[in-house]
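**Student:** Provided below are the primary sequence and the corresponding predicted coordinates.
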Amino acid sequence: MQKTRQENIQDCFETFHKVVHDFRGGHHSRFEQHRFGGSPIRIMFLISHRPEGLTVKDIAEKLGITSGAVTQIVDELAAKGLVARTEDPNDRRVIRVARADRTRNLFRGLRAKFFHRIEPMFDNLTDEEIRTLRDLIAKLGSAKINEDRETN
């Protein structure tokens with residue numbers, strides 16, 4: 001018997017949830033010694049390979065959180081000396097958030113270890129399938145959830 005669209009969506013969500021859970025397994029414990037939580041880690045990962053940094057707005061969009069939340073986290077990271085705020089060379093009104101010099105090697109190493117650890121999750125996929133998966137996840141991420149939608 002063929003499943004309904006709703007059943008397929010539920011199966012997809014449950015599978016995706018398991019993959020995300022497996023993906024995160026051990027992720028946070030690796031950073032506990034550095035006293036980082038989830039969102040600060042994600043921000044540091046985002047800026048770790050962007051020497052020019054990112055704007056608060058860019059970070060908020062990439063993480064799906066508010067600019068206010070990013071500002072609060074960045075304030076905490078800056079107080080610990082982990083990020084630096086710089087003026088955007090093209091627009092002095094814009095502040096860019098970049099890694100502090102002292103964190104360059106720390107996060108380069110942690111980032112490399114992290115991606116080395118999760119790479120086997122993709123061993124069963126071809127490069128084309130990985131690109132397709134990336135595109136599908138991005139498409140899901142850009143969809144709006146209708147909170148007012150009635151359930152059947």
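**Tutor:** That came through, no problem.
**Student:** ok, then the element right after the longest strand anywhere in the chain?
**Tutor:** Longest strand in the chain, counting residues (DSSP state E): strand 91-99. Proceeding C-terminally, strand 91-99 gives way to helix 104-118 as the next helix or strand, assigned by DSSP states H and E.
**Student:** what's the least confident helix or strand in the protein, going by average pLDDT?
**Tutor:** Lowest by mean pLDDT, DSSP states H and E among the helices and strands of the chain is helix 104-118, with a mean of 79.
**Student:** Residues touching whichever helix or strand comes after it, excluding its own?
**Tutor:** Downstream of helix 104-118, the first helix or strand assigned by DSSP H and E is helix 127-142. With contacts defined as C-beta atoms under 8 Å, 6 or more residues apart in numbering, helix 127-142 is touched by 64, 122, 125. Glycine gets a C-beta too; all of them are placed from N, C-alpha and C.
**Student:** Can you get me a residue count around the nearest residue to the second one once chain neighbours are set aside?
**Tutor:** The spatially closest residue to residue 122, leaving aside those adjacent along the chain, is residue 130, at 5.9 Å (C-beta to C-beta, 6 or more residues apart in numbering). Residues near residue 130, counting by other C-beta atoms under 10 Å, number 11.
**Student:** Okay, residue 130 and residue 47: tell me how far apart.
**Tutor:** Distance, residue 130 to residue 47, by C-beta to C-beta, to the nearest Å: 24 Å.
**Student:** Count the residues that sit near residue 46.
**Tutor:** 17.
**Student:** Past the strand or helix carrying it, which element shows up next along the chain?
**Tutor:** Assigned by DSSP H and E, residue 46 belongs to helix 38-48. Next helix or strand after helix 38-48 toward the C-terminus (DSSP H and E): strand 54-55.
**Student:** Output the contacting helices and strands for that next one.
**Tutor:** Under the contact definition 3 or more C-beta pairs under 8 Å, 6 or more residues apart in numbering; DSSP states H and E, strand 54-55 sits against strand 91-99.
**Student:** Distance from the strand it packs on to the middle of the chain?
**Tutor:** Here strand 91-99 is found 20 Å from its chain centre; the criterion is C-alpha atoms, centre = their mean, to the nearest Å.
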